[in-house]
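Sequence first, then the predicted structure:
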Amino acid sequence: MVWRTVGIALLLLMAAALLPSIFSGSSRGHPSERSSSTTLKTICSAQADFRANDRDGDGMNQFWRADIAGLYALAPGGGPAIRLIERSLALADARPLYDLSKEGERAPKAGYWYRAIRHADEKTIDAAARFAAVAFPAAYSPKDRWTYIVDENNTVFRADLGHGRGVEVFPTDEDLRKQWSKLD
């Protein structure tokens with residue numbers, strides 16, 4: 001009888017601890033959130049490889065900034081594609097510079113489109129040492145409402161922008177503090 005009472009008490013305590021997160025409307029931990037933030041980290045890893053190993057073969061160590069698909073499709077000197085990211089991510093580039101029709105049909109990856117973006121405070125002199133990317137929902141909804149961003153600092157941020165169009169530039173530090181939440 002005592003063990004049964006203790007067991008019921010423990011179940012009630014666990015339920016009380018979990019209920020606020022269940023009803024808060026938070027999507028933290030939602031599969032699309034994990035997928036989007038993990039995919040942005042994959043872009044960061046690919047960018048680090050691109051820069052460290054001069055993947056475009058131009059003799060300069062800089063990031064690939066033109067699009068996301070180039071991290072897959074770029075073929076320096078007419079050689080094989082560098083394929084630093086998955087094909088599915090290249091096909092989820094919202095603004096690819098490369099024709100990927102031979103690779104498959106363009107489509108969101110886990111419900112999100114990806115795009116290379118510039119920094120709001122970017123100057124020509126520091127551009128080669130910076131990159132940024134955005135992930136935004138293909139269909140904005142209560143479930144998929146977050147827009148995610150990352151830059152060369154490898155920190156993912158998210159914000160509910162009230163739409164699914166993403167952003168055109170990585171925010172300034174002030175805008176990050178005002179509107180974006182750090183995920184890492």
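Received it, and whenever you're ready, just let me know what you need.

Tally up the residues packed near the closest residue to Asn61 other than its chain neighbours, please.
Excluding its sequence neighbours, the residue lying closest to Asn61 (Cβ to Cβ, 6 or more residues apart in numbering) is Arg51, at 5.1 Å. Bear in mind the C-beta positions are built from the backbone N, C-alpha and C, glycine included. If you count neighbours by other Cβ atoms under 10 Å, Arg51 ends up with 19.

Run through the neighbouring helices and strands of the host helix or strand of Arg51.
In this structure, Arg51 sits in helix 31-52 according to DSSP states H and E. With contacts taken as 3 or more Cβ pairs under 8 Å, 6 or more residues apart in numbering; DSSP states H and E, helix 31-52 sits against helix 70-73, helix 87-91, strand 112-119, strand 132-137, strand 146-151.

picking that back up, just to check, the residue nearest to Asn61 is in contact with Gln62?
Yes - between Arg51 and Gln62 a contact is recorded at 6.1 Å, counting by Cβ atoms under 8 Å.

What pLDDT is listed against the residue minimising distance to the centre of the chain?
The chain has Leu40 as the residue nearest its centroid, 3.1 Å off, counting by Cα atoms, centre = their mean. Turning to Leu40, the model gives it a pLDDT of 97.

With adjacent residues omitted, what lies nearest to it?
Val150 is the one closest to Leu40 (Cβ to Cβ, 6+ apart), at 4.2 Å.

residues in contact with that neighbour?
Val150 makes contacts with Leu40, Lys41, Ile43, Cys44, Ala132, Ala133, Val156, Phe157, as judged by Cβ atoms under 8 Å, 6 or more residues apart in numbering.
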